[in-house]
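J.: I would like the atomic coordinates for the input below:
(2 chains)
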Amino acid sequence: MTVRRGLSNIFEHKATPYVIMAVVLILLLGPIYWTLITSLKTLPEAIKWPPSYIPQDFTLEAYKEVLGRSPVPKFLLNSIIYALVTTTIVTTAAVFTTYALTRYKYRGSNMVLLSFLFIRLIPPISLLLPFYLILRQLGLINTRASVIIYTIYLTYPLAVWMLKSFFDQFPQDLIDAALIDGASRLGALFRVVLPVIANGIAAVAIIAFLWTWIEFLAPFLFLNTDDLKPITVGLYYFVGDETTYWNSLTAGAILAIIPGIAFFMFAQRYIVSGLTAGFGKE
Amino acid sequence: MKMRNIPDSKFGMLLSLPGLFLLVLWVGIPLLILISVSFLRFNVLEPTQFIGFDNYIHLFKDRVFRNALLRTITFFAGSTLLTFLLAYPTAWSLSRIRKGGTTLRTLVMFPWAVPLIVSGFIWGWMFNAAYGVINHLFVTIGLFESNINFIGQSGTAMLAVVIADAWTRVPFMTILTLAGLEAISRTLYESADMDGADIFQKTRYITLPLAKGPILTGLLITSVFSFRTIDAIFSLTKGGPARGTYVLGMLNLDYIYNYIEFGRAAAVSVYLALICLLIAAVYIYFLLKE
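T.: Predicted coordinates:
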């Protein structure tokens, strides 16, 4: 009993959360640190034993190689194209769908909303085959459209479900007042609802962007020319049969991580609100 | 203005029509095709033919499939457990930290931004037998005598892929748990303190029961996601060594990409989807039980 008391006092101590966080941050950020410093080493130093914990020959050589003499800039551009196009289509479509389904209910509209949730339970990997067969039939294999068609499927139900909670929270009185003032129903959406839930929409857009950005299997399966590959697939450029260019691979990995990290640094609060809104409520 | 004459319910239907269209075209049709193909012998060598449940029966009897199923369960259960074991203390600590809390929350989210395929590369590099930093750390502190080839043995390779997967899932689990913890009223803890309760009692009788909803939701999402996602395995071990990390998703990919046996692939996909729904059903049962 005294041991238990003692342990309890340790956990209750003011400093304990900070100690735990220090350990957690080493575990969570250590791998990113290790990737970053490997990318700042020369290849001989990267594969030196024992490894150096701080680069001795600090160099941007790997980044020059990756950005100057490899197809990585093209891969990054492709990733940006896929993510931006998907985000634009999905966010726009989801705003109208969700506005209709939450504010102008009709027979079966709740069923539709629930089916968006249900769809999220179907593993995307299970639909990889039918998408592949359809795209092959349509002659779309190895086109940008193939990836975007798939990532729309991936992000759209998620976007609707996240937006739903933002629309649900919006007071109906404000919409009614706008309608009485003579606004049309779409006018009310644009002039009254959207400005207020803009943060929520930004969160949904960011999450759709990142969700597309990290997708690997679909572009891996649908594309076979370097010109079209996103960065997730393109990283295999540095994985050889004999040698892996660890400093270049880690430099590419850092470039693939940067957009996500940047979004979290500038919009962490919105993303978190979007994520918890999309999952935490139901 | 004709638009104004449309009644609200019709308006709702019209406005959600493009969304419905997307739903049917993007999910309904692929699902139908998937289920139809699973009843076919459909490959490059033989003529395509209806064979009923043969694909399902074949897989059920196939040792490769059954082993992959077991590995999948080990993988997702391990990943979910590890995610929770890291996320709960993190969320608990964050809920008590006032100073610098925002910065800490941002830093904790970083692994979420790492694509799983990249996570596999990163951990593969850190677990590397010849140059890996983890080997160096463990040898330096004397835990191992010499370097271990983590990726080269099936037991440790499974551990490695679980770590690479869980690492990116901790942030999401943390924010959901944190949302649950912060919704609990402080006064409950204060009155428990006055009754002389220790932290274990408070966790058991206040924190866990009251934060059950968000924690279960987080576990549901983590389980379902790690059950169906193979990216980290793909870049870290490719299912090896000796199929030690070969999960159902890898089998599915092999049937599509390497064996070009679409009928079998479809049956694997349907099994995957059914098990995923089963896992979700178990959680939802516990969520709704209250």
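J.: Okay, and residue 156 sits in which element?
T.: In the absence of a named chain, chain A is used. Secondary-structure element containing residue A:156, defined by DSSP states H and E: helix A:144-169.
J.: my question was about chain B
T.: Element membership for residue B:156 (DSSP H and E) is helix B:154-182.
J.: Please enumerate the strands of chain B.
T.: Using DSSP state E, the strands of chain B run over B:40-41, B:49-50.
J.: Among those, which comes closest to chain A?
T.: Proximity to chain A (Cβ to the nearest Cβ) singles out strand B:40-41 among the strands of chain B, at 11.0 Å. To be clear about C-beta, it is placed using only N, CA and C from the backbone, and glycine gets the same treatment.
J.: Which pLDDT value goes with residue B:79?
T.: Confidence per residue is given as pLDDT, and for residue B:79 that number is 97.
J.: I meant residue A:144, not that one.
T.: The confidence metric pLDDT takes the value 96 at residue A:144.
J.: Tell me how many other residues crowd it.
T.: Counted with other Cβ atoms under 10 Å in any protein chain shown, the burial measure for residue A:144 works out to 18 neighbours.
J.: try the one 4 residues further on
T.: The number of residues packed near residue A:148 is 20, by other Cβ under 10 Å.
J.: Equivalent analysis for residue A:34, please.
T.: 20.
J.: where's it, which helix or strand?
T.: helix A:16-39.
J.: contacts for that helix?
T.: Outside helix A:16-39, the residues within contact range by Cβ atoms under 8 Å, 6 or more residues apart in numbering or on different chains are A:10, A:46, A:53-55, A:62-63, A:246-247, A:250-251, A:253-254, A:257, B:86, B:89-90, B:92-94, B:96-97, B:104, B:107-108, B:110-111, B:114, B:119, B:122-123, B:125-126, B:133, B:167, B:170-171.
J.: Helix B:154-182 and that helix, what's the angle between them?
T.: Our comparison of helix A:16-39 with helix B:154-182, counting by axes from the mean of the first three to the mean of the last three Cα atoms, to 10 degrees, yields an angle of 130 degrees.
J.: Could you report the distance from whichever residue of the stretch 101-250 of chain A sits closest to chain B to residue A:164?
T.: Across the stretch 101-250 of chain A, the shortest distance to chain B (Cβ to the nearest Cβ) belongs to residue A:104, at 2.8 Å. Taking Cβ to Cβ, to the nearest Å as the measure, residue A:104 and residue A:164 are separated by 14 Å.
J.: before we move on, what about residue B:199?
T.: From residue B:199 across to residue A:164, the span is 37 Å (Cβ to Cβ).
J.: residues in contact with the closest residue in space to residue A:141 that isn't next to it in sequence?
T.: Of all residues not flanking residue A:141 in the chain, residue A:135 sits nearest, at 5.4 Å (Cβ to Cβ, 6 or more residues apart in numbering or on different chains). By Cβ under 8 Å, 6+ apart, the contact list for residue A:135 reads A:141, A:146, A:149, A:222.
J.: so the last one makes contact with residue A:149?
T.: No: look at residue A:222 against residue A:149 with Cβ atoms under 8 Å: they stay out of range, at 9.0 Å.
J.: ok, the two, which is more surrounded?
T.: Each of residue A:222 and residue A:149 had its neighbours counted (other Cβ under 10 Å), and the higher figure belongs to residue A:222 (24 against 20).
J.: Chain neighbours aside, what residue packs nearest to that one?
T.: The spatial neighbour of residue A:222 that comes closest, neighbours along the chain excluded (Cβ to Cβ, 6+ apart), is residue A:146 at 4.1 Å.
J.: go on, residue A:255?
T.: Nearest in space to residue A:255, with sequence neighbours left out and distances taken as Cβ to Cβ, 6+ apart, is residue A:76 at 6.3 Å.
J.: what angle separates the helix or strand hosting that neighbour from helix A:144-169?
T.: In this assignment (DSSP H and E), residue A:76 forms part of helix A:72-103. Counting by the same axes, to 10 degrees, helix A:72-103 points 40 degrees away from the direction of helix A:144-169.
J.: List the buried residues of helix A:72-103.
T.: Along helix A:72-103, the positions that meet the burial threshold by neighbour count (16 or more other Cβ atoms under 10 Å in any protein chain shown) are A:72, A:74-76, A:78-80, A:82-83, A:85-87, A:89-91, A:93-103.
J.: try stretch B:40-50
T.: B:40, B:41, B:42, B:43.
J.: want to try a markdown table for those, with pLDDT as columns?
T.: Putting those into a markdown table (pLDDT from 0 to 100) gives the following:
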| residue | pLDDT |
| --- | --- |
| B:40 | 93 |
| B:41 | 90 |
| B:42 | 89 |
| B:43 | 87 |
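J.: Format these as a markdown table; extra columns: distance to chain A.
T.: What follows is these, written out as a markdown table (distance: Cβ to the nearest Cβ, whole Å):
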| residue | distance to chain A |
| --- | --- |
| B:40 | 11 |
| B:41 | 15 |
| B:42 | 9 |
| B:43 | 13 |
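J.: Nearest to residue B:159 among those?
T.: Top of the list for closeness to residue B:159, among the buried residues of stretch B:40-50 and by Cβ to Cβ, is residue B:43 at 35.8 Å.
J.: Wait, that closest one touches residue B:261, no?
T.: Yes: using Cβ under 8 Å, residue B:43 is in contact with residue B:261, at 4.8 Å.
J.: Show me chain A divided up by domain.
T.: Segmentation of chain A into domains, based on automatic domain parsing, reads A:2-63, A:71-279.
J.: And the shortest one, end to end?
T.: So the one you mean is domain A:2-63. Across its full length, domain A:2-63 reaches 57 Å end to end, with Cα to Cα, to the nearest Å as the criterion.
J.: On the three-state scheme, the residue nearest to residue A:141 is what?
T.: helix (DSSP: H, G, I helix; E, B strand; the rest coil).
J.: roughly how far apart are it and residue A:128?
T.: 11 Å.
J.: Distance of residue A:137 relative to residue B:33?
T.: Residue A:137 sits 10 Å away from residue B:33, going by Cβ to Cβ.
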